[in-house]
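**Student:** Sharing a model prediction with you, sequence too.
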Amino acid sequence: MRSEELNREFLAIKDAAYRYAVSLLHDPTLAEDATQDLYEKLWRRRLFIREGTFRQLAMVSIRNICLDLMRERERRRQSEPPQNIAATTNEDSELIQMVGKIIATLPEREREVIHLHDCEGLGYGEIAEIIGSSESAARMACSRARQKVKEELIKVMNYGV
C-alpha cells in the first residue's frame, strides 16, 4: 500500500478506532495514544498491507494495542473510572449515563461486541474477525448484551434503583 493510500484509509477509520479504544480503555488520553500507536504501526508495515483488508486490520490492531495497555495498567493496579457520555438534555443525559453504567458492568466480550455493532455500525462478520470468534458467537454475544442492558434498565426504571 502506498503512503497516500494509507493516509486516506487511516483518515477514514481513525475516528472509529479512537471510539473503540475509548470503549475498551475508558480513558480518552490513553485512547488517543493507542490510536497514534496504531498509525505508527500501520505506517511501518504499509508495504505489507493488502487493499480491502485495511479496516479489519486496523480494528484488530487497535484492539490488541488496547489489550496490551489494559494488561499493563492491571499490572500497576491502576483503575480508571469509566468516561461519562455527554448528551443534549438532562433527561437524555441521565438515561445515557444509566445505559453507559449498565454497559460498563457487562463482561468484556459483550461490551466490545455491543460497542462495535451499535456504536461503530460494524457487521457481525467484521466483528467476528476483530474479536477472533465466529459470526454466530458475535451475534449471540450482542444479543445477550442487549438483553442484559434491557433487563437492568427496566429494573432501574421500575424501582428507581
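**Tutor:** Looks like it came in fine.
**Student:** so where's the chain uncertain?
**Tutor:** Counting by pLDDT under 70, the ranges of the chain that qualify are 77-91, 160-161.
**Student:** and the most centrally placed residue in the chain, what does it touch?
**Tutor:** The residue lying closest to the centre of the chain (C-alpha atoms, centre = their mean) is residue 20, at 2.6 Å. Residue 20 makes contact with 59, 62, 63, 66, 115, 116, 120 under the criterion C-beta atoms under 8 Å, 6 or more residues apart in numbering. In short, each C-beta sits where N, CA and C put it, glycine included.
**Student:** Could I get the contacting residues of residue 3?
**Tutor:** Each residue near residue 3 by C-beta under 8 Å, 6+ apart is listed here: residue 46.
**Student:** got the phi/psi numbers for it?
**Tutor:** phi -60, psi -40 (degrees, to the nearest 10).
**Student:** how deep is residue 40 tucked in, by neighbour count?
**Tutor:** By other C-beta atoms under 10 Å, the residues close to residue 40 number 10.
**Student:** Same question for residue 32.
**Tutor:** Other residues lying near residue 32 total 14 when counted by other C-beta under 10 Å.
**Student:** Spatially nearest residue to it, not counting backbone neighbours?
**Tutor:** In space, residue 32 comes closest to residue 18 once its chain neighbours are excluded; the distance is 7.0 Å by C-beta to C-beta, 6 or more residues apart in numbering.
**Student:** what's the domain layout of this structure?
**Tutor:** 1-83, 84-161 (automatic domain parsing).
**Student:** Help me confirm that residue 114 comes into contact with residue 146.
**Tutor:** Yes - between residue 114 and residue 146 a contact is recorded at 6.7 Å, counting by C-beta atoms under 8 Å.
**Student:** Thank you, goodbye.
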